[in-house]
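Student: Build me a structure from this.
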Amino acid sequence: MKTKSRIIKTIITFGAIGSAALTFAGCSGGSTDTTTTAGSGSSTTATEAEKKVSLDVVNSKGETKHYEDKTSAQYLRGFMDELKEDGDFTYTGSESASGIFIESVNDEAANYATDGAYWAIYVNGEYDNSGADTQTVKDGDEFKLVYEKAQ
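Tutor: Predicted coordinates:
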């Protein structure tokens, strides 16, 4: 009978330790609550810190418009959406299976079908092969949207 009693005490002790560990883990601030705005590509995590990033828009004349702000957006498109809400930045595009295809920025359209023009994305000086919906945003990132023509 003493062995059965010891086993029960051991189970209760380990159960209490496990319960305390789970409670501690739940209170440690390790929350991963996620809020996603449908179709915007802007997904933020509740514990994700704001990042300071910039975006330069280089139009067809080579003129540059600079934007700099803090964001908690996970992807470039989310940051672009925030800039759009804040004021003088605009963009339009068409949705595809791989994300948005940017068609115009700051009211300047690029039409690949007619003249080979498109809006190229650069990240920290490097041409980006991903898109605005999949390009992650990290603190200190420098993005560029550049009006370019295919050669």
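
Student: contacts, neighbours, all on C-alpha from now
Tutor: OK.

Student: Could you measure from Ser72 over to Thr114?
Tutor: Plainly put, Ser72 is 37 Å away from Thr114 if you go by Cα to Cα, to the nearest Å.

Student: To clarify, my last question referred to Phe143.
Tutor: Phe143 is 26 Å from Thr114, by Cα to Cα.

Student: Tell me which of those two has more neighbours.
Tutor: Phe143 (24 against 7; other Cα atoms under 10 Å).

Student: Just give the strands next to the strand or helix carrying that one in its sheet, each with its orientation.
Tutor: Element membership of Phe143 [criterion: DSSP states H and E] is strand 142-149. Strand 142-149 has the following strand partners under DSSP bridges: strand 51-58 (parallel), strand 117-123 (antiparallel).

Student: okay if I get those strands as TSV plus mean neighbour count and distance to Ile100?
Tutor: TSV is the format used below for these (neighbours: other Cα atoms under 10 Å; distance: least, Cα to Cα, whole Å):
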stretch	mean neighbour count	distance to Ile100
strand 51-58	19	17
strand 117-123	20	12
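
Student: In CSV, list the ones you listed along with distance to Tyr91 and mean pLDDT.
Tutor: Shown next, in CSV, are these (distance: least, Cα to Cα, whole Å; pLDDT from 0 to 100):
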stretch, distance to Tyr91, mean pLDDT
strand 51-58, 11, 98
strand 117-123, 10, 97
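
Student: Run through the strands of the protein in chain order.
Tutor: 34-37, 42-45, 51-58, 64-71, 91-96, 99-105, 108-109, 117-123, 126-127, 142-149 (DSSP state E).

Student: In CSV, list the ones you listed along with distance to Asp81.
Tutor: Compiled in CSV, these are given as follows (distance: least, Cα to Cα, whole Å):
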stretch, distance to Asp81
strand 34-37, 11
strand 42-45, 8
strand 51-58, 12
strand 64-71, 11
strand 91-96, 9
strand 99-105, 12
strand 108-109, 17
strand 117-123, 16
strand 126-127, 21
strand 142-149, 14
